[in-house]
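Trainee: Got a predicted structure here, sequence first:
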Amino acid sequence: MIAGLGPAGRALAHRCTQQGLDVLALDPHPYRRWTPTYAAWADELPAWLADDTIATRVEKPVAWTTREHVLDRPYVVLSTPGLQESLDLGGVKVVQDRVAEVARNHVVLASGAKVKAGYVVDARGAVRSASIPEQTAFGVVVDRDRVVKALGGHEAWFMDWWLDNGTRPAEPRSFLYVVPLDDNRVLLEETCLVGSPALDLKELQRRLQVRLALRGIHLTGTEATEKVRFPVLAPTPSLRNNQAFRFGSRGALMHPGTGYSVATSLALADTVASAITAEESLLRTVWTPSARAVHALRLAGLRTLLKLKPHQTASFFASFFSLPVDVQRTYLSERDNLPGMTRAMARVFADLPMSQRRIVIAATMSARRSAGNDSHI
């Protein structure tokens, strides 16, 4: 049984049926069309994902920190409707109802009905709370030919920390994220990577307008917009209680330093389906000791980001993007590679000034104390 039919839940339901499992899926709006923009590094996506789910591909996106960095790693934007349609629910029994309570082997619906199952997977998305750091963004969609020249001739900016968005020195930083949605449209998004609290959407909209105007892109107010706000953390699943297995962003599969979770959920869907088929522990399959340790180190990275002074942010990312691409990949995408993660963090640390090293040391010591428990951060 799967509660929630967002990208993570729908992917798992789809892959379970491919392995011959009987699946019951519960969602209050199971056929609502998805609207967010989903993107990933191309090498993160599973081989089974249909080719037509990829809307655009950028061979070498760029980042601007204190200088320009060319990232030699293909980056893709997914077709949101294409992704939803490709995760076919044929063979899945879909029930339209809200799940009020989830336990290891049953759920209670808003209607009061109790439904039992051999395995219950909670994929209802991360839960917002004032105590949990969030990522926010405000974006506009414009014609592609209006922006390429104004953005230095590049078709995609993974991060642009250039200070031309009207930010005062003591204010939290935000960056510009730019990706082509198709041959004709580009998404330009002013993004607060993480904040506690995160920057307000109206402030991000103001910054975006200032930034684009200085680059010769004047908005008409008729452009399609995208508004983003989500928590970047969920409690790490515990082996010590009787709760249902949590998957996707609800199950701490979101990278706490980037907010990305869809590619990880897609890649792990077959792993979880196979564990169910073999009647194995889903927690022990997905959350190996090394995966838990890597997650703890990623939390240290998040703590570092939250503690950086505004003027330190760009130089911190300059150190990260100066790493070889394979080391960047380890930190961003390899959730079960503890030796590689340790080496990646050590290389970033070695390149940082002493003031930022102190922040990293404190964050890492905190991560060691909290590793294995059920805390948010």
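Mentor: Nice, I can see it.

Trainee: What does the pLDDT read for the residue nearest the centre of the chain?
Mentor: Geometric centre of the chain, nearest residue: Y260, 1.4 Å, by Cα atoms, centre = their mean. Model confidence at Y260, expressed as pLDDT, equals 95.

Trainee: And for F321?
Mentor: Taking F321 on its own, its pLDDT is 96.

Trainee: Can you verify my assumption that the residue nearest to the centre of the chain contacts M254?
Mentor: Yes: the pair Y260 / M254 is scored as a contact, 6.9 Å apart, by Cβ atoms under 8 Å. In short, each C-beta sits where N, CA and C put it, glycine included.

Trainee: mind listing what the residue nearest to T80 when sequence neighbours are not counted touches?
Mentor: Distance criterion Cβ to Cβ, 6 or more residues apart in numbering; nearest residue to T80, sequence neighbours excluded, is W34 at 5.1 Å. For W34, the contact set (Cβ atoms under 8 Å, 6 or more residues apart in numbering) comprises G6, P7, T80, P81, L83, Q84.

Trainee: do the same with R124
Mentor: Residues in contact with R124, defined by Cβ under 8 Å, 6+ apart, are A3, G4, G6, G9, V99, R250.

Trainee: Apply 6 Å and report the result again.
Mentor: When contacts are counted by Cβ atoms under 6 Å, 6 or more residues apart in numbering, R124 touches A3, G4, R250.

Trainee: Now do the nearest residue to it once chain neighbours are set aside against R144, distance only.
Mentor: Of all residues not flanking R124 in the chain, G4 sits nearest, at 3.8 Å (Cβ to Cβ, 6+ apart). G4 sits 34 Å away from R144, taking Cβ to Cβ, to the nearest Å as the criterion.

Trainee: more neighbours, the two?
Mentor: Between G4 and R144, G4 has the larger neighbour count (other Cβ atoms under 10 Å), namely 27 against 15.

Trainee: Next, the residue nearest to T80: secondary structure please.
Mentor: coil (DSSP: H, G, I helix; E, B strand; the rest coil).

Trainee: Next, give me the two most distant ones among the contacts of W34.
Mentor: Pairwise distances across the contacts of W34 (Cβ to Cβ) peak at 14.3 Å, for the pair G6 and P81.

Trainee: Which residue ranges of the stretch 151-300 of the chain form strands?
Mentor: With DSSP state E, counting those that start in this stretch as the criterion, the stretch 151-300 of the chain has strands at 157-160, 175-180, 185-195, 224-231, 245-246.

Trainee: Looking at those, spot the one closest to S111.
Mentor: Closest of the strands of the stretch 151-300 of the chain to S111 is strand 245-246, at 22.8 Å (criterion: Cβ to Cβ).

Trainee: Mind listing residues that contact the closest one?
Mentor: V121, D122, P237, L282.

Trainee: 7 Å instead, please
Mentor: Residues outside strand 245-246 that contact it (Cβ atoms under 7 Å, 6 or more residues apart in numbering): V121, D122, P237, L282, L283.

Trainee: Am I right that the last one is in contact with P237?
Mentor: Yes: the criterion here is Cβ atoms under 7 Å, and L283 meets it with P237 at 5.6 Å.

Trainee: quick one: which of the two has more around it?
Mentor: Higher neighbour count among L283 and P237: P237, with 23 against 16, using other Cβ under 10 Å.

Trainee: quick one: that one and T285, what's the gap?
Mentor: Relative to T285, and taking Cβ to Cβ, P237 is found at 11 Å.

Trainee: Please apply the same query to D336.
Mentor: Per Cβ to Cβ, D336 is found 11 Å from T285.

Trainee: how deep is A344 tucked in, by neighbour count?
Mentor: Considering only other Cβ under 10 Å, A344 is surrounded by 24 other residues.

Trainee: Got phi/psi on it?
Mentor: Per-residue torsions, A344: phi -60, psi -50 (degrees, to the nearest 10).

Trainee: What of E44?
Mentor: The phi/psi pair for E44 (degrees, to the nearest 10) is phi -80, psi -20.

Trainee: That one and E334 touch, don't they?
Mentor: No: judged on Cβ under 7 Å, E44 makes no contact with E334 at a distance of 9.6 Å.

Trainee: Can you check what pLDDT the model gives G166?
Mentor: For G166, the predicted pLDDT is 95.
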